[in-house]
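Q: test case, fold it:
(one chain, ligands or ions: 1)
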Amino acid sequence: MIEFKNVDKYYGKYHALTDINLQVQQGEVVVVIGPSGSGKSTLIRTINGLEEIESGQLIVNGMDLADKKADLNELRKNVGMVFQHFNLYANKTVIENIMLAPRLVLKRDEAENKKIALRLLDTVGLAEKADAYPKQLSGGQKQRVAIARSLAMKPKVLLFDEPTSALDPEMIDDVLNVMKSIAKQGDMTLVVVTHEMGFAREVADRVIFFDQGQVVEDDPAEEFFKQPKEERARQFLSKIITHK
Ligand SMILES: Nc1ncnc2c1ncn2[C@@H]1O[C@H](COP(=O)(O)OP(=O)(O)OP(=O)(O)O)[C@@H](O)[C@H]1O
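A: Residues are numbered from 1 along each chain as shown. Next up is the predicted model:
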């Protein structure tokens with residue numbers, strides 16, 4: 001479970017998160033939407049300790065991240081993250097990218113590690129790319145490898161930070177389909193920052209609308225997709241898309 005209690009975060013004097021109170025239950029799929037610069041990335045980066053919080057409490061899988069002594073390596077065994085720009089190791093093959101963390105962190109047996117990695121590559125539709133290097137892949141393929149790499153750790157929580165926004169339009173669906181199938185399995189907690197409203201409508205349990213570092217709406221998905229909240233969100237999102 002993830003629980004924010006009165007969490008504040010500053011970058012210098014800039015108040016990036018203001019009094020966040022949120023709970024995400026194990027197995028929930030939560031989509032976070034909101035305008036550019038509203039703090040969505042900051043919010044999810046706090047969940048795996050990539051950003052520190054200044055005050056309040058943030059409990060993730062029983063660990064209090066406000067405690068400066070929290071063991072972030074231990075936390076990250078159970079909390080994976082998929083980034084906008086994939087962050088694959090360029091000098092390692094696809095399968096090595098997937099096998100590395102389970103080998104080093106979980107000390108997983110090598111044969112078992114390889115079996116799991118190949119199965120995951122198959123799941124994301126890239127079985128034939130095991131020995132390719134990231135530079136030989138399209139953006140959408142890289143992102144599917146990044147997802148397989150996160151899944152290899154069997155995390156309880158998987159965070160997605162705008163996973164499709166660096167992709168060409170024709171690649172987006174392949175990545176969203178992989179994410180949808182993970183969401184539909186129902187055992188992992190997913191927190192997804194995205195502008196993909198179709199994805200949210202299909203698989204989200206909850207939608208959080210974020211603005212100026214604050215939770216403005218926190219609704220069950222069926223509630224959110226009733227007008228006029230969805231319409232307001234679309235107006236915000238159309239501004240972002242025009243920007244880009
Ligand atoms: N490391 C940092 N140092 C200083 N300011 C930062 C830092 N990271 C983010 N910010 C600022 O904090 C605010 C929130 O940024 P954040 O990336 O969380 O927003 P976002 O909602 O994810 O935006 P986008 O949709 O454009 O990615 C922005 O005003 C940003 O400029």
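Q: convert the C-alpha atoms of the helix or strand hosting Pro102 to CSV, please.
A: Element membership for Pro102 (DSSP states H and E) is helix 94-104. What follows is helix 94-104, C-alpha atoms only, in CSV (Å, rounded to 0.1, in the frame of the first residue of the first chain):
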residue,chain,number,x,y,z
VAL,A,94,18.1,-6.6,-24.4
ILE,A,95,18.2,-9.8,-22.4
GLU,A,96,21.1,-8.5,-20.3
ASN,A,97,19.1,-5.4,-19.5
ILE,A,98,16.4,-7.6,-18.2
MET,A,99,18.6,-10.0,-16.3
LEU,A,100,20.9,-7.5,-14.6
ALA,A,101,18.9,-6.3,-11.6
PRO,A,102,17.4,-9.8,-10.7
ARG,A,103,21.0,-11.1,-10.8
LEU,A,104,22.6,-8.4,-8.7
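Q: quick check: mean pLDDT across that helix?
A: Averaged over helix 94-104, pLDDT sits at 97.
Q: next helix or strand past that helix?
A: Next element after helix 94-104 (DSSP H and E): helix 110-123.
Q: just the buried residues of the longest helix that the chain contains, please?
A: When the chain is parsed with DSSP state H, its longest helix is helix 169-185. Within helix 169-185, the residues that count as buried by 16 or more other Cβ atoms under 10 Å are Met171, Ile172, Asp173, Asp174, Val175, Leu176, Val178, Met179, Lys180, Ile182, Ala183. Placement of C-beta: from N, CA and C, glycine included.
Q: could you give the angle of it to helix 110-123?
A: 120 degrees (axes from the mean of the first three to the mean of the last three Cα atoms, to 10 degrees).
Q: got a list of contacts for helix 169-185?
A: For helix 169-185, the surrounding residues in contact (Cβ atoms under 8 Å, 6 or more residues apart in numbering) are 29, 123-125, 138-141, 143-144, 147, 151, 158, 160, 163-164, 167, 188, 190, 192, 196, 198-199, 202-203.
Q: likewise stretch 74-82?
A: 44-45, 47-50, 60-61, 63, 65, 105-106, 143, 146-147, 150-151, 153, 155-161, 163.
Q: ok, it near the ligand or not?
A: No. Using Cβ under 6 Å from any ligand atom, stretch 74-82 never reaches the ligand; the gap is at least 13.5 Å.
Q: picking that back up, closest one of the buried residues of helix 169-185 to Ala70?
A: Ile182 (26.4 Å; Cβ to Cβ).
Q: for the chain, what lies in contact range of the ligand?
A: Near the ligand, when you scan the chain using Cβ under 6 Å from any ligand atom, you find Tyr11, Tyr14, Ala16, Gly34, Ser36, Gly37, Ser38, Gly39, Lys40, Ser41, Thr42.
Q: just give me the neighbour total for the second one.
A: Taking other Cβ atoms under 10 Å as the neighbour definition, Tyr14 ends up with a count of 9.
Q: which strand residues bridge it?
A: Tyr14 has these beta-bridge partners by DSSP bridges: Tyr11.
Q: related to what we said a few turns ago, in JSON lines, list the residues of the chain next to the ligand along with pLDDT and secondary structure.
A: Output for the residues of the chain next to the ligand, formatted as JSON lines (pLDDT from 0 to 100; DSSP: H, G, I helix; E, B strand; the rest coil):
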{"residue": "Tyr11", "pLDDT": "95", "secondary structure": "strand"}
{"residue": "Tyr14", "pLDDT": "95", "secondary structure": "strand"}
{"residue": "Ala16", "pLDDT": "96", "secondary structure": "strand"}
{"residue": "Gly34", "pLDDT": "91", "secondary structure": "coil"}
{"residue": "Ser36", "pLDDT": "89", "secondary structure": "coil"}
{"residue": "Gly37", "pLDDT": "91", "secondary structure": "coil"}
{"residue": "Ser38", "pLDDT": "93", "secondary structure": "coil"}
{"residue": "Gly39", "pLDDT": "95", "secondary structure": "coil"}
{"residue": "Lys40", "pLDDT": "96", "secondary structure": "helix"}
{"residue": "Ser41", "pLDDT": "96", "secondary structure": "helix"}
{"residue": "Thr42", "pLDDT": "97", "secondary structure": "helix"}
